[in-house]
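Asker: Next one to model:
(chains A and B)
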Amino acid sequence: DVKVTQSSRYLVKRTGEKVFLECVQDMDHENMFWYRQDPGLGLRLIYFSYDVKMKEKGDIPEGYSVSREKKERFSLILESASTNQTSMYLCASSETGILYGYTFGSGTRLTVV
Amino acid sequence: KQEVTQIPAALSVPEGENLVLNCSFTDSAIYNLQWFRQDPGKGLTSLLLIQSSQREQTSGRLNASLDKSSGRSTLYIAASQPGDSATYLCAVSSGGGADGLTFGKGTHLIIQP
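Answerer: Next up, the predicted model:
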């Protein structure tokens, strides 16, 4: 069964820490995405990547960066965590084309204290 | 900019009823539309993918329709069960899978035993 795996289900970090959220997919998909999900705001796209070493800003990139050194791995980096980055983070991957949907990971619940 | 709206925001029905969840989108130039299910605190599970050239897709008790010209999709759930209780999310792809999905805020569904 195809999978998108997020390394942590729950994380608690302190304000100012550098935080890494890791995502790995085993489907050889070209495209990978990071979303955050907040009550009342829904899912919002942070960053995405359509190829190794390529990255594009989504709707809310401020305070985040990403890294994609290998096709299967896409990392989200919070350079200096703040309390307003407490959220559910969801990683997804897809192929390009009309035939293909998105596959999501199980999410990481990040709390910044 | 694409906007996706889901109505109703919440729905509670007795077990065994057939029900319809609605999704509308503002820009009809989509590649495909995907329905997801999300259980509390979990990631997204894909239910159905409808390509822009298709009118409907079926999986078990689920049937999704698409009217691209009017910007509407419906998810029909037959013979609802308590296990169907979850949040259902509608998402559209406008970039062929390469640049992210636009999500509605979901319908929170409760099936009463």
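Asker: which stretches of chain A have low pLDDT?
Answerer: Applying pLDDT under 70 to chain A flags residues A:1-2.
Asker: let's see 80
Answerer: Within chain A, the ranges that satisfy pLDDT under 80 run A:1-2, A:97-99.
Asker: what does it put close to chain B?
Answerer: A:6, A:30-31, A:33, A:40-43, A:45, A:48, A:50, A:56, A:58, A:88, A:90, A:92, A:94-107, A:109 (Cβ under 8 Å from any Cβ of the partner chain). (Each C-beta comes from the backbone N, C-alpha and C, glycine too.)
Asker: Can I get the buried part of the residues you listed as one PyMOL selection?
Answerer: Selection of buried members from the residues of chain A next to chain B for PyMOL, criterion 16 or more other Cβ atoms under 10 Å in any protein chain shown:
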select buried, chain A and resi 6+30+31+33+42+43+45+48+50+56+58+88+90+92+94+95+96+100+101+102+103+104+105+106+107
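Asker: Can I get the helix or strand residue A:92 falls within in PDB, CA atoms only?
Answerer: Here residue A:92 sits within strand A:87-94, counting by DSSP states H and E. What follows is strand A:87-94, C-alpha atoms only, in PDB (Å, rounded to 0.1, in the frame of the first residue of the first chain):
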ATOM      1  CA  SER A  87      -1.000  23.600  14.500                       C
ATOM      2  CA  MET A  88      -1.600  20.300  12.800                       C
ATOM      3  CA  TYR A  89       0.900  19.900   9.900                       C
ATOM      4  CA  LEU A  90       0.000  17.600   7.000                       C
ATOM      5  CA  CYS A  91       2.300  16.400   4.300                       C
ATOM      6  CA  ALA A  92       1.100  15.200   0.900                       C
ATOM      7  CA  SER A  93       2.400  13.900  -2.400                       C
ATOM      8  CA  SER A  94       1.100  13.500  -5.900                       C
END
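Asker: partners of it in the sheet?
Answerer: Here strand A:87-94 is paired, per DSSP bridges, with strand A:31-38 (antiparallel), strand A:102-104 (antiparallel), strand A:108-112 (antiparallel).
Asker: Next, format these as JSON lines and append distance to residue B:88.
Answerer: Formatted as JSON lines, the strands paired with strand A:87-94 follow (distance: least, Cβ to Cβ, whole Å):
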{"stretch": "strand A:31-38", "distance to residue B:88": "14"}
{"stretch": "strand A:102-104", "distance to residue B:88": "14"}
{"stretch": "strand A:108-112", "distance to residue B:88": "21"}
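Asker: now for those strands, which one comes closest to residue B:101?
Answerer: Evaluated over the strands paired with strand A:87-94, closeness to residue B:101 peaks at strand A:102-104, with 5.9 Å, by Cβ to Cβ.
Asker: Pull the contacting residues for the residue positioned nearest the centre of chain A.
Answerer: Centroid check for chain A by Cα atoms, centre = their mean gives residue A:34 as the closest residue, at 2.8 Å. Contacts for residue A:34 (Cβ atoms under 8 Å, 6 or more residues apart in numbering or on different chains) come out as A:21, A:23, A:45-48, A:58, A:64, A:66, A:74, A:76, A:89-91.
Asker: ok, now with 7 Å
Answerer: Shown in contact with residue A:34 (Cβ atoms under 7 Å, 6 or more residues apart in numbering or on different chains): A:46-47, A:66, A:74, A:76, A:89, A:91.
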